[in-house]
Every structure is written in C-alpha cells, then in structure tokens.
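Q: I would like the atomic coordinates for the input below:
(chains A and B)
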Amino acid sequence: MLVASKDLQKLVEQAVEELRRQGAVKGSTAPHVTRTKSEEHGDFTTNYAMVAAKAEGRRPRELAEILARELQRHPDVADVQVAGPGFVNLRLRPETWVRALEAPIAQGERFGSHAPRDEAPINVEFVSANPTGPLHVGHGRGAVVGDALVRLLRAAGHRVTAEYYWNDRGRQVRELGRSVAIRLRQILDPSLPPPADENWYRGEYVRELAREAPAGPAFAGVASGESTEARLRALAALPEDDERFVAYGRDRMQLAILATLAKLRVGFDYQESERRIAASIAEFYAELQRRGLALERDGALFLATEGKEGEDKDRVVRKSDGEWTYFATDLLYHADKLRRGFGRMINIWGADHHGYIPRMRAGLAVLGHPPQALEVLLVQMVNLLSDGQPVRMSKRSGDFVTLDELIDEVGVDATRYIFLTRRHDSQLDFDIALAKRKTLDNPVFYAQYGHARLSAILRRAEELAAGQVPEGARERLAAGLGRPGAPPIPETALSLPEEHRLARRILALPDAVLEAAEAREPHRIVYFVQEVSQAFQSYYTARWKRHDDPILPPARLSPEELAAWDWERTAARLRWIRAIRAAVRAALGIAGVEAPDRMEWSEDGDREEEG
RNA sequence: GCGCCCGUAGCACAAUGGAUAGUGCAUCGGAUUUCUAAUCCGACGGUUGCAGGUUCGAAUCCUGCCGGGCGCGCCA
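A: Here you go, the predicted structure:
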C-alpha cells in the first residue's frame, strides 16, 4: 500500500524508468518525492520536471505533463496535477488512507518503527557528568535529549548503545574525596576554619556524604564496631588525600546520579570508566610517539594535531608534571569506541564545550580515523523560570536547583516533554509554574489530555457495547473496537475531510521518525504529538458543538433515536480513533512520556487560581 | 584578534533549496445543553538583521557588514 514517502519515491522512479524505456525522456536525472506542505498541493509532490528540465532539454511543464500521465495509472492514485513552475502533485484515494489505518492498529506502540538495518551500530554517549556532585537542570536536558535520541534511532532501525563515560579519576574526584574529609572534621569540631583554597566542594550534599561516611563500605577496615562517634573519629584521623575518601565519594555520587537518571527513565547499556581506559594510556601514546604522531617538547608530550580539522596547534596530552590531560584519555576512549565496532559516535555535550570538537576530531584524524565518525550535538542552556520570572539557580556557594528537585516538583513527564520542545541547539526556557499547570498553554498537559480523551471515548464505547443497545449496534461497536469476528467496516464509512486529513497525518509518523532520526532531532516527535492532539481536539469539539454528529450517541437519546443511529459510521470512527491513539502512544513512547488513559484532575481546583 | 553557533510576527520557536514563510503564547472578538470539565473557532500580527551573489526557485547555500551568545590554558 502506498502511504510512505519511500513507496511514492519508488512509484515515481518506476514511472521515470518506464518513460525512459518508451524513449519519452533520457532519464538521467533521479526524481525526488516529498510530502506536500499544503493540502491544496495533494499528498505528495515531486520537483523532477524542474530539476531535470536542463538535462532533458525540455520545458519543465512539458516534462511534468508526461510524468503526470504516467503516474495517473496507479490504482491508489486519485489524481495527478501539474502546478506552478512544474511541480507534479499527487493525491491518493481516501480509501487508500483509510485502509492504511490498519498499520497503526496492528502495530500499536511499535507503529512508526522500522526494520533493523544492516549497518554498524551507533554509540550515543550522553550526560557523562563527573561523579562529583548531583546532576543539575542542564544535565537533565542532555539526559532527556540523549535518551530520546537513542529511542528515536532505534525506532529508525539503528542498532544503538546508550553509554555513560565516568571521569572517575583525576583532580575533580580527588577534590571530592578531600571535601568529604574536610566536612568530617567539621562535624567533630565545628569551629575548625575552612581551607583557604577554593577548589573543594562546598555543597550541602558533601556534608551529607560526610555524615553517612562511617557506614560506607570503603571504610570497613577503619570504622568498625563501637559508636558512630568513635567511627567518625577514626575516619577524621585519616589524611585528607586518603584514597578511601575518593573511592567513597565517587561511588556514592555515581549511585546518586544513576538513581536520578533512572527516575527520569534514562538508562544506559554500557558504562565506561576513565580509570579503565587510562590503564593503557602510556602504552597508547608511546606507540604514537614511535610513529612520530606525538612529540616531546619542553618536557611535555604533544599530539600532532596542527593543521587537522582547523586546529592551529599541537595539543598537550601529557603535561610536563607527568600527568595526562583529559584530552589524552578522551581521545583514547573514542579510539576505543571505534575499536569496539561502532560506525558512528554521537556525543551530547553542553554548548560551552563546542571549542573541544575540532580538537577531538583532529585527534581522531591523527590516529587515521575518519573525523566525521564523531558527531557532537551541543545542548544549549536551560533558563529556569516560574511564571515568566527567572528562578535563582544558585542559592549559595555550591548549591543549585538540582535535577532531582526539578523532577519532584513538576513530574517526570513534564520534565521530559518540556526538554524536548526545542531543538537541542536553541536555548530553552523551562517555566516550572507552567509545567505544573493544567491548562492548554502547558504543552504536556495538552498532549496527555488529548490521549486521555481518545481513551475515554473507547472506554465509553466498551460500556455501550456491554449495555442495552439496539439490533445490530453491538456487532458494529465490536467491529469498531477491533474485536475478532466482527463484520468488516467499509472504507467509505469514514467520510469527513477532517477525518481523512488526520488519518494522513498519523500515517506520516514512520516518515517523520526517519527524518527526525536522520536530523538527530527528537523534538520533531513532540511536534508530531502536538499537531495530532490539536487536530483531534478541534475535531472533537466541532463534532460535539454540532450536536447532531458526535462520535458516540449521547446518553440522553431515546430508544427510537438509538435505533436510528448510524452505527456503521460510529464503528468507522472508533477504528480511526484506535489508530490515532496508537500513533500518539508510539510517538510519546519515543519521547519517553507516558500516555495516560485518564487525567487526574486536582481537587483543589487549579482553575480558581489566578494566572 | 582568531574560531564556532545564532539573528524569522510583541514573546518563545517551526519550516530536505520549493509553491501564499507556519505553530503556540500574548492581545482582541466569538462558540460551548459535554463523549473528561481546563475544549474549540476567528481576527490581528512579517522587507526572514542589512547588502550583494549562486539557482528555474533562497529563511535555508556563498561573500561582506551589523547585532547577540560562546569558546580560544601544560584547566576540567
């Protein structure tokens, strides 16, 4: 059946090929088919005639006429029009669209997903925040965009590994360990002055880590038996740079971060550790040095990145004090990803890291890898607002609004949905008050409400079918609800233009998934949900407003009126609603947002509140 | 100074090089005897920052300028 762009693409290609066989065209130009933007232009369009005009030595309109005549022959094609400078616009028969609704109904939440591709898997690395503190709101956006991208790529048929890279060694985690030690001492002696330097972590969470330290497994040998007080003393006696503080702080923060992400429905297939990667670092760079790709200068080791990917200088991998730089391990890590068999690496970074991209690409180029194998999506910053007013992100030194707090405040669905309402590279205003509001200006509410309404109609139809209904109504309802053995519903029973329009829209989801995955833009799926919800809500209200033509018969109808009801039309609409609901669910599933079957209306009456 | 990103309606943002540049919010006007009530319809609103260029066709690609953001450590 012809409802996806690739089907139409094939149809037009075959038409051009047929014309070539007949000698009507030379056929050296490949046609390209797209969906139309406007309904007046039909369902699909091709600009073939304009693109090919020069090579064919014909006028575009003339070519278009020839192609149109050929396309007209397909049974699913209702009509073909030549328009404007030479567009060939193609419209499918309404029955073709209605029949195609079987796909979302049969596939359910998998609708829109494509068969696995025979390609190298894609690695998507995201969040990768240092295990030195709780995640903040900005990390949340990266997490949701990354997770939605993983879901989207999988729907498009890619094999994908979702990955987290822990920077679990180096100065930052050492400072966290030291900070725990400092706070431990302060618990025992509150008059102790804080260290003079600014490097240590002063957040409240570090105090908490210190308080809970005596129970930490890292200290099993140090702090056993006796009272908490005694165990605290034993720990505080350890030197500030004791490795056990580092291990304790790091392990606790890793667990805390993963717990926050799990709450946000974000999970990983693989977690890589910098400690593990770094084990082979000396060997790795010694080899590069032997091959002349890394050079020692002034006691430091430089990678020969100058002149690659726009890099204007060589980059340090080992400092003169003998420490390896972040870049050194990062590069080794990415080389290792390629060794693990990934054809493509997509990294999601905060926008402030954009200067790092050429360096990484240049590094890969030095190693002889294609630099394009690394794709970086930069996620722009999030402005937290409440009713349009900026929310202060920093309460005091070291503290900020954490991702945990945000999720608890507005809920997982709202958090995810709102993070997906903008393209990753544009700044995002996150209005907390708006996200909680149950009004149509809250996009999360609007989308979920639309889905709940669809479910409510089906629920009501079930009730009807189970109750007292006239002769013939029960089996029509059963057909509409998709029960086995029910009589078929003729395609023509769904007849309104807006019904056909919405059918076409939801049937575009498989194409939308491919396009969004290709563009790495999960936010398009949210737009899809928004559009479908809007179209349906409009239809719903309009049907009801007319009174004479709701989807289901109103409860107040008399037995005579019920007997005269057009149950076949109702059945066709129920089937249509099941298809819409499947498409909305599938799309929300890619966003990782729940599709509720009913809305919970708050009792304290939000509508009384002033805006 | 060099490099990257961005500039679209009052605001927030869409738009594979396609046709009359869309959607939400806000504002104003209207509908509504609920199948879930908070829904819906309409109007207003644009020299796509400016000037050139490429193209049958430019918001989109190229060049220059103007304006905004960010990055340019032997930091992480």
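Q: from here on, contacts and neighbour counts on C-alpha atoms
A: Will do.
Q: and the residue of the stretch 1-150 of chain A nearest RNA strand B?
A: Minimum separation of the stretch 1-150 of chain A from RNA strand B (C-alpha to the nearest atom of the strand) falls at residue A:34, amounting to 3.9 Å.
Q: Can you get me a residue count around that residue?
A: 16 (other C-alpha atoms under 10 Å).
Q: That one against residue A:48, yeah?
A: No: when contacts are counted by C-alpha atoms under 8 Å, residue A:34 is not listed as touching residue A:48 (10.9 Å).
Q: what sits in contact with each of those two?
A: Counting by C-alpha atoms under 8 Å, 6 or more residues apart in numbering, residue A:34 and residue A:48 have no contacts in common.
Q: pLDDT score for the residue of the stretch 1-150 of chain A closest to RNA strand B?
A: Looking at residue A:34, its pLDDT stands at 89.
Q: Excluding covalently adjacent residues, which one is nearest to residue A:384?
A: In space, and not counting its chain neighbours, residue A:384 is closest to residue A:430: 4.9 Å by C-alpha to C-alpha, 6 or more residues apart in numbering.
Q: what helix or strand is the one you found on?
A: Using DSSP states H and E, residue A:430 falls within strand A:428-431.
Q: Which helix or strand lies directly C-terminal to that strand?
A: Counting by DSSP H and E, the element after strand A:428-431 in chain order, helix or strand, is helix A:432-436.
Q: if I look at residue A:102, how far off is residue A:459?
A: Using C-alpha to C-alpha, to the nearest Å, residue A:102 is found at 20 Å from residue A:459.
Q: neighbours of residue A:216, just the number please.
A: 17.
Q: again, but for residue A:79
A: When neighbours are counted by other C-alpha under 10 Å, residue A:79 registers 17.
Q: helix, strand or coil for it?
A: Under DSSP: H, G, I helix; E, B strand; the rest coil, residue A:79 falls in the strand class.
Q: and the closest residue to residue A:559 other than its chain neighbours, how far is that from RNA strand B?
A: Excluding the flanking residues, the one nearest residue A:559 by C-alpha to C-alpha, 6+ apart is residue A:470, at 7.7 Å. From residue A:470 across to RNA strand B, the span is 17 Å (C-alpha to the nearest atom of the strand, to the nearest Å).
Q: what does residue A:239 give?
A: Noted for residue A:239: a distance of 22 Å to RNA strand B, by C-alpha to the nearest atom of the strand.
Q: Now name the helix or strand holding that residue.
A: Secondary structure from DSSP H and E places residue A:239 outside every helix and strand.
Q: Just read off the phi/psi values of the closest residue to RNA strand B within the stretch 151-300 of chain A.
A: Going by C-alpha to the nearest atom of the strand, RNA strand B is nearest to residue A:298 of the stretch 151-300 of chain A, at 4.2 Å. When read as degrees, to the nearest 10, the backbone of residue A:298 gives phi 50, psi 40.
Q: and the residue most central in space within chain A, what does it touch?
A: By C-alpha atoms, centre = their mean, chain A has its centre lying nearest to residue A:148, at 2.0 Å. Contacts for residue A:148 (C-alpha under 8 Å, 6+ apart) come out as A:522, A:590-592.
Q: out of the residues you listed, which are buried?
A: Neighbour counting with 16 or more other C-alpha atoms under 10 Å marks A:522, A:590-592 as buried within those.
Q: Of these, which is the nearest to RNA strand B?
A: Of all the buried ones among the contacts of residue A:148, RNA strand B sits closest to residue A:522, with 10.3 Å by C-alpha to the nearest atom of the strand.
Q: distance of the residue of the stretch 151-300 of chain A closest to RNA strand B from residue A:459?
A: Noted for residue A:298: a distance of 76 Å to residue A:459, by C-alpha to C-alpha.
Q: got the residues of the stretch 251-400 of chain A near RNA strand B?
A: A:297-300, A:315-316, A:319-321, A:325-327, A:351-356 (C-alpha under 7 Å from any atom of the strand).
Q: what about burial for those residues, which qualify?
A: Neighbour-count burial (16+ other C-alpha under 10 Å) applied to these gives A:300, A:315-316, A:327, A:351.
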